[in-house]
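1. Could you look at this predicted model? Sequence included:
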Amino acid sequence: MSNLLASRFANAPVMVSDCKADWMSNCLASVSAELKTIEARASSEPVALAYDDFWPAADSWMARYRPYIVQDGTLLIPIKGMLLHDFGYQLYDWATGYVYIQKAFERGMADGSVQRIAMILSSGGGEVAGCFDAVDRVFAMRGEKPIHAFVNEHAYSAAYAWASVADKITITRTGGVGSVGVVTAHMDVSGWNEKIGIKITFIHAGEHKVDGNPHEPLSDVAKNRMQARIDGLYNIFVSTVARNLALDEQVVRDTKALTYSAEEAVSLGFAHEIRAFDEALAAFSGGLSPTAGEETMSTPEQAAAPAQADLDAARAEGRKEGATAERERIQGIMGCDEAKTRRALANHLSLNTELSVDSAKGILAASPAEDDKAEGDAGGKASAFEQAMGQNNPELGADGGGNDEQASQQTLMQEFRAANGIEGK
C-alpha cells in the first residue's frame, strides 16, 4: 500500500504549494503506516454501518476514520493533510480523501439535523486527479444550506480549490491561502545509469510509448506535451476558482500561483474575513462553542423540524442584530482617522468586504493617501453614504443577501523539489 500510494505522485501532476515538500513526505509516511493498521483490523473485525454502505456506526472503530460530526446543527468536515483521489478516509492531520469530502457533503445535505456545513481546512494541497469533479459536485449543492470555509491555518493549491467552493471564507490572522497552480516533474537518471554501468534499451511499438521515462533525457516533443497537459489543468483550476469566487479569471491567473497572507487574501478577494477560528465558528453556528456538547452521529430521520413561528422569530431577531452590527462596522471604518485621506479605499472596504474595523484600519494605514482631487471625490461619496446610514436600514447585512516506502518517498520529494527549484537533498 505504501509503494502504491507514493507511486500515485511520481511523474503525475499535483496541486501542492512549493513550500510543502517536507510536509508531503511526513504525511505520506504517516498515512502509509495508518493504512496498514486499518487493513489489518478490517480483515478481522467487522464494521457496523449506520447510514448507506459508507458510513460506520458511531460506536464502530471505523468512525474515527470516517468522522461525521454534527454539533448543534453544524456539520464539521475536516479537510486536512494531503488530499487524495479515490480515498474514502479522513486520517487526522495526515490525509483526507476526495471521496470522503463528497460523501460528507451529500449526507449533510440530506440530513435534517444539519442546518449548515463548515469545512475546517489545514492542508498544503494534494492530487489533481479527482479534485475538480468532486469540487464541481459540491458547487452544485450551493444554496441548499450555508457552506462556510474556515482556513485554520492554511489552504493551498488543491485545498484552496475546496475553500473556494464555500459561500464564505474565513481565515485566521496567521493563515495563508492561494497557490493556484499545477506542477509535475521529470527525473533523468540516465547520467547515473551510465556512471554505474547500466544501459537500458526500450523495445516498444508506438512512437511516443516511452516518452518521459526517467532513463533518457526528456525530448522536446515529450516536454511540450507535458507542458500542454499542465497548462490545460491549470486552466481548469483557474476557471474553477474564478467561478466559485465570482472573480474575473484574469484576476486569478495574475496571482501566478503565489500564496497570500490573511490581509492580502481579503484584499484580493481570496478570503472574506479575518477572525480567530473558534470565534468565527461560534458565530457561524449561532453561538456554538466548538468544544461544547457531545459529538453526534445523526441520520436524516433523527431531527424534528422546529416550529415555524420560532424560526421566524429567530430570523427576525438575527436580521435586527445583523443590521445594527453592520451599521456600526461601516461607520467605524468610515469614521476612523486612517480613512480621512483614503476615502475611496475606505468606502470599498466598508461596503464590499466584511473586514472588521481593526483589519480595515490596518489596510488603510498601509495604503498611500489619495491626492486632493481623489480625496474630494471620495469624500463626497462618503458623505452621501454617511447621510444614508443615518436613516433606518433594517435589512442591511441580513441573511447574507447581497450582502510509497522510504525510497519511493525520497524519489517523490526529489522530483517535487526539482520541479520547484527547491535546494537540498
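-> Received, thanks.
2. average pLDDT for whichever strand or helix holds Asp231?
-> Using DSSP states H and E, Asp231 sits within helix 220-245. Helix 220-245 comes out with an average pLDDT of 92.
3. and that helix, what other elements does it pack with?
-> Where contact means 3 or more CB pairs under 8 Å, 6 or more residues apart in numbering; DSSP states H and E, helix 220-245 is packed against helix 131-139, helix 158-163, helix 249-253. Bear in mind the C-beta positions are built from the backbone N, C-alpha and C, glycine included.
4. Among those, pick out the one with the most neighbours on average.
-> helix 158-163 (a mean of 29; mean count of other CB atoms under 10 Å).
5. ok, then the element right after that helix?
-> strand 168-171.
6. Just checking: what are the partner strands of that following strand?
-> strand 147-156 (parallel), strand 273-274 (parallel) (DSSP bridges).
7. could the ones you listed go into a markdown table alongside mean neighbour count and mean pLDDT?
-> Below are those laid out as a markdown table (neighbours: other CB atoms under 10 Å; pLDDT from 0 to 100):
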| stretch | mean neighbour count | mean pLDDT |
| --- | --- | --- |
| strand 147-156 | 26 | 96 |
| strand 273-274 | 22 | 96 |
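8. and those as JSON lines, adding distance to Ala365?
-> Listed next are the strands paired with strand 168-171 as JSON lines, based on distance: least, CB to CB, whole Å:
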{"stretch": "strand 147-156", "distance to Ala365": "24"}
{"stretch": "strand 273-274", "distance to Ala365": "15"}
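9. Which of those strands sits closest to Ile236?
-> Taking CB to CB, strand 147-156 is the member of the strands paired with strand 168-171 nearest to Ile236, at 17.2 Å.
10. what's the angle between the closest one and helix 131-139?
-> 160 degrees (axes from the mean of the first three to the mean of the last three CA atoms, to 10 degrees).
11. Relative to the whole chain's centre, how far out is strand 147-156?
-> Relative to its chain's centre, strand 147-156 lies at 5 Å (CA atoms, centre = their mean, to the nearest Å).
12. same question, stretch 345-363
-> 23 Å.
13. same thing with stretch 56-65?
-> The answer for stretch 56-65 is 25 Å, by CA atoms, centre = their mean.
14. again, but for stretch 338-354
-> Stretch 338-354 sits 28 Å away from the centroid of its parent chain (CA atoms, centre = their mean).
15. Over to stretch 231-242?
-> 15 Å.
16. go on, stretch 154-171?
-> With CA atoms, centre = their mean, you get 3 Å for stretch 154-171.
17. Angles on the backbone of Thr96, please.
-> phi -140, psi 140 (degrees, to the nearest 10).
18. Hmm, I typed the wrong one, I wanted Glu354.
-> Residue torsions, per degrees, to the nearest 10, at Glu354 are phi -120, psi 30.
19. so it makes contact with Glu273?
-> Yes. Counting by CB atoms under 8 Å, Glu354 does reach Glu273; the two are 4.9 Å apart.
20. Can you show me the strands along the stretch 251-400 of the chain?
-> In the stretch 251-400 of the chain, the segments counted as strands under DSSP state E, counting those that start in this stretch are 259-261, 273-274.
21. and of those, who's closest to Ala63?
-> It is, among the strands of the stretch 251-400 of the chain and with distance given as CB to CB, strand 273-274, at 31.8 Å.
22. So for Glu354 and Glu273, which residues contact both of them?
-> Lys168 (CB atoms under 8 Å, 6 or more residues apart in numbering).
23. Show me where the stretch 251-400 of the chain dips below the pLDDT cut-off.
-> 287-323, 352, 366, 370-400 (pLDDT under 70).
24. Show the contacting residues for Asp211.
-> So Asp211 contacts 219, 221-222, 225 (CB under 8 Å, 6+ apart).
25. where does the closest residue to Ser219 other than its chain neighbours land on pLDDT?
-> Distances taken as CB to CB, 6 or more residues apart in numbering place Asp211 nearest to Ser219, at 6.9 Å, with adjacent residues excluded. Reported pLDDT at Asp211 in the predicted model: 78.
26. wait, Val189 sits on Pro217?
-> No. Using CB under 8 Å, Val189 is not in contact with Pro217; the gap is 10.3 Å.
27. Mutual contacts of these two, please.
-> By CB under 8 Å, 6+ apart, no residue touches both Val189 and Pro217.
28. Which residue of these two possesses the greater neighbour count?
-> Per other CB atoms under 10 Å, whichever of Val189 and Pro217 has more neighbours is Val189, with 16 against 10.
29. for that one, what are its contacts?
-> Contacts of Val189 (CB under 8 Å, 6+ apart): 214-215.
30. So which residues of the stretch 201-350 of the chain form helices?
-> 220-245, 249-253, 262-268, 277-284, 308-334, 343-352 (DSSP state H, counting those that start in this stretch).
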